[in-house]
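Undergrad: Output the structure for:
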Amino acid sequence: MKDKSMTKAITEIYLTRLLSVKGTLQQFVDDFFRGVLCSGTAVPPAVKYFFDFLDEQALKHDNVDEETIHIWKTNSLPLRFWVNILKNPHFIFDVHVTEVVDASLSVIAQTFMDACTKTEHKLSRDSPSNKLLYAKEISTYKKMVDDYYSGIRQMVSVSDQDMNTHLAEVSRSHTDKLNTQVALHQLYQYASKYYDGIIASLEDDPAAQSKQLTLRLQQIAAALENKVTDL
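TA: So this is what the prediction gives:
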């Protein structure tokens, strides 16, 4: 009985401190969600362009439902980009992340991930403390994600020309900051893994055909790896 009483007391103290810290950070967490999940002028053209591409791909396949499209968008931006930064702020800031800060950021990152899912998690007294901590806010955060995707869908489309212009501007502004050769090499490493599938897809796509993308990729492969081409 003594051990159980001590465990209960420790748990209560732990939860009290968790709630206290959460209360201190709540405004910052809310500001983060509002800042990230803000559709409109704050959305980069590349995000609108890519999300429209995903919507177009869904239309080409009759069996793609809204939940699947939601997952595509979630995996491409919130989980791949924002969660990575949340858990690793030293990637972009010159900071040292202590164990305590790292643990706190992991809880917030997990909450962000939960907000991006369509699955409804039923909570109980045995659920992890980080799940229970934001149980009250998670429905609000989920709606923010839904509204974010909906808002982007309603934005004016970004044309291929506008996208190319935007990319050219970004490229010019970072000319001396990025190693384009390394970036291109990493892109080709990915493309080489799925070379045959990419070639087949490019050959079936009218837009790719008009720009001779199949030929361009074959020329790159021939130069780098002596792959057989139709030349």
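Undergrad: Could you list the domains of the protein?
TA: Following automatic domain parsing, the chain resolves into domains at 2-159, 179-231.
Undergrad: Count the residues that sit near V182.
TA: Look at V182: counted by other C-beta atoms under 10 Å, it has 9 neighbours. (C-beta placed from N, C-alpha, C; glycine too.)
Undergrad: on that earlier part again, reformat the domains of the chain as CSV; add distance to S171 and mean pLDDT.
TA: Formatted as CSV, the domains of the chain follow (distance: least, C-beta to C-beta, whole Å; pLDDT from 0 to 100):
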stretch, distance to S171, mean pLDDT
domain 2-159, 12, 85
domain 179-231, 8, 84
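Undergrad: how about these in JSON lines, adding distance to V170?
TA: As requested, the domains of the chain are arranged in JSON lines below (distance: least, C-beta to C-beta, whole Å):
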{"stretch": "domain 2-159", "distance to V170": "8"}
{"stretch": "domain 179-231", "distance to V170": "12"}
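Undergrad: of all the ones you listed, which lies closest to E169?
TA: If you check each of these against E169 by C-beta to C-beta, domain 2-159 wins as the nearest, at 9.9 Å.
Undergrad: how about the helices of this structure, start to end?
TA: With DSSP state H as the criterion, the chain has helices at 2-36, 45-60, 66-76, 83-87, 99-115, 129-133, 138-154, 160-173, 180-193, 195-204, 206-210, 213-225.
Undergrad: ok, residues contacting the third one?
TA: Right, the one you point to is helix 66-76. 50-51, 54-55, 58, 116-118, 145-146, 149 (C-beta atoms under 8 Å, 6 or more residues apart in numbering).
Undergrad: buried ones in stretch 196-210?
TA: Within stretch 196-210, the residues scored as buried using 16 or more other C-beta atoms under 10 Å are 198-199, 202, 208.
Undergrad: Closest to the centroid, which residue in this structure?
TA: Residue closest to the average C-alpha location in the chain (C-alpha atoms, centre = their mean): L77, at 2.2 Å.
Undergrad: Which one, of the helices of the chain, ends up nearest to L123?
TA: Among the helices of the chain, helix 129-133 comes nearest to L123, with 6.0 Å by C-beta to C-beta.
Undergrad: by contact count, what packs against that closest one?
TA: For helix 129-133, the helices and strands in contact under the criterion 3 or more C-beta pairs under 8 Å, 6 or more residues apart in numbering; DSSP states H and E are helix 2-36, helix 99-115.
Undergrad: Comparing those, which comes out most buried?
TA: helix 99-115 (a mean of 16; mean count of other C-beta atoms under 10 Å).
Undergrad: the inter-axis angle of that helix versus helix 138-154?
TA: Here helix 99-115 points in a direction 60 degrees away from that of helix 138-154 (axes from the mean of the first three to the mean of the last three C-alpha atoms, to 10 degrees).
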